[in-house]
Structure formats: structure tokens, C-alpha cells
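> generate coordinates for the sequence data below:
(one chain, ligands or ions: 1)
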Amino acid sequence: MKNGCSLCPVKCGVDRKSSLGYCGAGENIKIAKYYLHKYEEPIICGYNGSGTIFFVGCSLKCAFCQNYALSRNETGKEISPEDLAEIFADLQRQGAANINLVTPTQFVPKIVKAFEIYRPKIPVVYNTSSYENIETLKLIDLYADIYLPDLKFFYPETSKRYTGKNDYFSVASAAVKFMMNSKKRVIGSDGQLKQGVILRHMVMPLGINDTREILKWFAENNKNGAYFSLMSQYTPYGEYEKFPELKRRITKREYDRAYEEMLRLGITDYFLQELKSASESFIPKWDY
Ligand code: SF4
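Purely as a prediction, here's the structure:
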């Protein structure tokens, strides 16, 4: 990054050596936690869990973010690429099924440096809001085996309301297409995903219209055996009080309607979540 940063679609142009970007990121990698996480989709959890590393900062900044302190840069510690390489090795020693990079976009060039120092022997998962530049994805694509993208909103009015950005779906759907083109599904002899894409969508209160369009888009564009993960874990959090519809969890009826639509569209490779997954107790403590 010689001049201002343009790693993500915000392209805020900040010189991160002297200031923080819109995403909250400065020059150095910052993380808030790493551990073996057992509650991702079962196909990426293995026996011991997914070796999950939570990066601090976010360029999308959903008002209801379930990891609010991370996305608003209110926690975490700065580390070097060498430290990150050591974390990869540590998680691998602990028996992690994979290395799972959560909201890593703002640090991609330094994460690449860490991979140049130490390349884990287990798959690497790139876990993102999908608000991504294709050029940045190309940098990480050599090292990523599995993409775990969200597709959050379809309508510009919805993404504008919750993130301030009109262009979310056009940017994110192009990013997900890139990911699906790049990674064909490969399942190991242990039944675990070694390469591929799991597209996540969290059903929102009163969000069924966006959900329907996203399911339709996936049914029409799915390539190379990508999975669909229909999530029910929305919990009122962050700035939810500004939005009357966000003050409650989703209902069984809302989740069932999304599920029925998924089946109607012929999507057969999917993951579901139990409604009891929606609880603040499932939000990790930031203790790195
Ligand atoms: S990654 Fe952060 S600093 Fe870079 S352009 Fe995006 S918001 Fe700005």
C-alpha cells in the first residue's frame, strides 16, 4: 500500500501508516481472538473445530453487527505477519480442521505475508461479508481453499438502511461469482470440505423479500457445487434500537418460509440452523 488504501469497495484512500481507514484498520494486523470454533457448518468443523481468527475492523458495518466491538474497532491487539504465521501453526498443532479468517479483507496483503512465512497444511477458509474488490480477492485466492461468503441484502434500499451502502448486492454478488468460479467442491475422505464455497444468508426480521431474491439468485448462479447455508441466528445487537423491526429475533414462521422457498427453488445442498442459535451467549468473548 504505497498511497491511500483501496483494498475494499469503499476505497477511502486513507494512508494507513498515519490514520485509520473507514473500516477502522491501521497499518498493522489487529485481531481480537483465535480459537477452535465448533459451531460453524459441520462440514468445516472436523472433530476439534475450525481454527478461527477474528480480525478487527470492517468496511461494511451493518448496524446490527453480531460482532459489533470488532467491526467498530473497539477491541483487539496489533500483531505482525510473523505472529499471525505462528497462530496458523498453533491452531494446526491444536488439531484445527482448517484456518478460518473472519472479516480479513482490510489486512489481505499482510495475511499473504503471513502465508509466505508459514503455509498451513490444513485448508484455509476466507470468511467475508462479500463486500470485496475482485482485485483483493485475487491476492488471497492463491492461499484460500474454501470461501465462506455472506450474501446479506438484495435490495439497495435494504443495504442502504442497514449499512449506508446502495451497492452491496451488485458488489457482493460479483465477488461470490468470482469465488464460485474459483473453487470447485472437494470433499476429503474424512467427509470434510477441503475446497469449495458455502454461501451464507442470515434471515432477518421482515426480511423475507430480500431472502427470496437471494435464494433465486443462488439457484440461478450456483456453480461448482457451492452449498447454501440458511442462518437463523439474528440477535438484536449493535444499533438495533434505531430500527423498530430489528428489536426481535426472527420467528419460526419467517424461517420456515425461507426454508420452503429454498426447497421450491430446487436448492438441495444446504445447511440449516436451529432457532435456538439466536442468542447473545453464542457471541464470543474478545479476549486476545
Ligand atoms: S480496507 Fe479500510 S482503509 Fe482500505 S479502502 Fe477499505 S475502508 Fe479504506
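
> now the helices: where do they sit in the chain?
68-71, 81-93, 108-117, 134-141, 156-163, 168-182, 208-221, 252-264 (DSSP state H).

> got CSV for those helices, with distance to residue 272, mean pLDDT and mean neighbour count too?
In short, each C-beta sits where N, CA and C put it, glycine included. Listed next are the helices of the chain as CSV, based on distance: least, CB to CB, whole Å; pLDDT from 0 to 100; neighbours: other CB atoms under 10 Å:
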stretch, distance to residue 272, mean pLDDT, mean neighbour count
helix 68-71, 25, 92, 20
helix 81-93, 27, 98, 17
helix 108-117, 31, 98, 18
helix 134-141, 28, 98, 16
helix 156-163, 23, 98, 18
helix 168-182, 20, 98, 20
helix 208-221, 13, 98, 18
helix 252-264, 7, 97, 15
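
> got the residues of the protein near the ligand?
5-8, 10-12, 14, 16, 21-23, 25, 59, 106 (CB under 6 Å from any ligand atom).

> and if we set it to 8 Å?
Taking CB under 8 Å from any ligand atom as the contact definition, the chain meets the ligand at 4-14, 16, 20-25, 57, 59, 105-106.

> quick one on the thing from earlier: in a markdown table, list the helices of the chain along with distance to residue 125.
What follows is the helices of the chain, written out as a markdown table (distance: least, CB to CB, whole Å):
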| stretch | distance to residue 125 |
| --- | --- |
| helix 68-71 | 17 |
| helix 81-93 | 11 |
| helix 108-117 | 12 |
| helix 134-141 | 11 |
| helix 156-163 | 23 |
| helix 168-182 | 12 |
| helix 208-221 | 19 |
| helix 252-264 | 23 |
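
> of those helices, which approaches residue 53 most closely?
helix 81-93 (6.2 Å; CB to CB).

> contacts for the helix or strand of the chain with the lowest mean pLDDT, please.
In the chain, the helix or strand scored least confidently by mean pLDDT, DSSP states H and E is helix 68-71, which has a mean of 92. When contacts are defined by CB atoms under 8 Å, 6 or more residues apart in numbering, helix 68-71 is touched by residues 24, 32, 54-58, 60-62, 65, 74-76, 103, 237-238, 286.

> please, a ChimeraX command that selects the buried ones among these?
To isolate the buried ones among those in ChimeraX, judged by 16 or more other CB atoms under 10 Å, type:
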select :24,32,54,55,56,57,58,60,61,62,65,75,76,103,237,238,286
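
> what subset of the residues of the chain next to the ligand is buried?
Applying 16+ other CB under 10 Å to the residues of the chain next to the ligand flags 5-10, 12, 14, 16, 21-25, 57, 59, 105-106 as buried.

> give me the low-pLDDT residue ranges for this protein?
Within the chain, the stretches with pLDDT under 70 are 1-2, 277-283.
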